[in-house]
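Participant: Okay, sequence plus prediction incoming.
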Amino acid sequence: MADFDQELDARGLNCPLPILRAKKALNELTGGQVLRVIATDPGSVKDFEAFAKQTGNELMESTEESGEFRFLIKKA
Amino acid sequence: MADKKMAIIATKGTLDWAYPPFILASTAAALGYDVEIFFTFYGLQLLKKKLNLKVSPLGNPGMPMPMAMDKWFPVLGTAIPGMESIMTMMMKQKMKSKGVASIEELRGLCQEADVKMIGCQMTVDLFEFKPSEFIEGVEFGGASTFLAFAGDSDITLYI
């Protein structure tokens, strides 16, 4: 798992909250910094792909580990 | 991406139907869309300062009922006084337990994200609503106000 600058715990939250909280967290970062998001919503896997595609922020990593989804997003 | 636009017409004033406009609007705003929602008829309930949204099993055969209640209650049973309040309470509890945001929260996120909310002036006059009943920042207008924005939107939804 690569390094990250900030972490967002979105466990227990359902659509669209993980995306909205991630967006807010990314606003606090500067370009090139990395946000790690931990979520339990299975829909977030596809949603973060779509989020990255549409916002230009890079989804560096998307992994699943014992029911938790971890994402690394690099701010554009 | 900054110039993509989404226009929504929200016409329904129940708890369940309050979700699609606010979920899509808040998410689109997070994706960089410029978003406007036009609230008309019962949709204006979604702009009230004090939300009192309900969900009803009456005339709503698709609604999953807790404890297989639909097996024991005939359709008329769903019209029993108090049923609507009970169902609304149960729905809200279920949503909370599943981490689904409340309408108040989603609406707040829309406001923070500068989603433009327009109330239908004709409906306000029709139902004799007072401007003070609505949340801050709501503007009022008519069909042409909506069309001016919707006309060059990338996505237009009627909910």
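Facilitator: Here it is on my side, so go on. Quick caveat, the model's predicted, so the values are computed rather than measured.
Participant: What's the local residue count around residue A:17?
Facilitator: 23 (other C-beta atoms under 10 Å in any protein chain shown). The way it works is simple: take the backbone N, C-alpha and C, and place the C-beta from them, glycine included.
Participant: Next: the one 3 residues further on.
Facilitator: Here the number of neighbours of residue A:20 (other C-beta under 10 Å) works out to 25.
Participant: What helices and strands are in contact with the strand or helix carrying it?
Facilitator: Taking DSSP states H and E as the criterion, residue A:20 maps to helix A:17-28. Packing contacts for helix A:17-28, counted by 3 or more C-beta pairs under 8 Å, 6 or more residues apart in numbering or on different chains; DSSP states H and E, involve strand A:6-10, strand A:34-39, helix A:44-55, strand A:68-74, helix B:15-30.
Participant: ok, residues contacting that helix?
Facilitator: A:6, A:8, A:10, A:13, A:35, A:37, A:39, A:41, A:44, A:47-48, A:51, A:55, A:57, A:71, A:73, A:75, B:26-27, B:30, B:99, B:101, B:109 (C-beta atoms under 8 Å, 6 or more residues apart in numbering or on different chains).
Participant: are any of these buried, and which?
Facilitator: A:8, A:10, A:13, A:35, A:37, A:39, A:41, A:44, A:47-48, A:51, A:55, A:57, A:71, A:73, A:75, B:26-27, B:30, B:99, B:101, B:109 (16 or more other C-beta atoms under 10 Å in any protein chain shown).
Participant: re the thing from before, could you export the helices and strands packed on helix A:17-28 as JSON lines, including distance to residue A:27?
Facilitator: Conversion of those to JSON lines gives the following (distance: least, C-beta to C-beta, whole Å):
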{"stretch": "strand A:6-10", "distance to residue A:27": "11"}
{"stretch": "strand A:34-39", "distance to residue A:27": "10"}
{"stretch": "helix A:44-55", "distance to residue A:27": "11"}
{"stretch": "strand A:68-74", "distance to residue A:27": "12"}
{"stretch": "helix B:15-30", "distance to residue A:27": "10"}
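Participant: Now do the helix holding residue A:20 against helix A:44-55, angle only.
Facilitator: In terms of direction (axes from the mean of the first three to the mean of the last three C-alpha atoms, to 10 degrees), helix A:17-28 departs from helix A:44-55 by 40 degrees.
Participant: Quick one: work out the angle between helix A:17-28 and helix B:15-30.
Facilitator: Using the same axes, to 10 degrees: helix A:17-28 against helix B:15-30 is 30 degrees.
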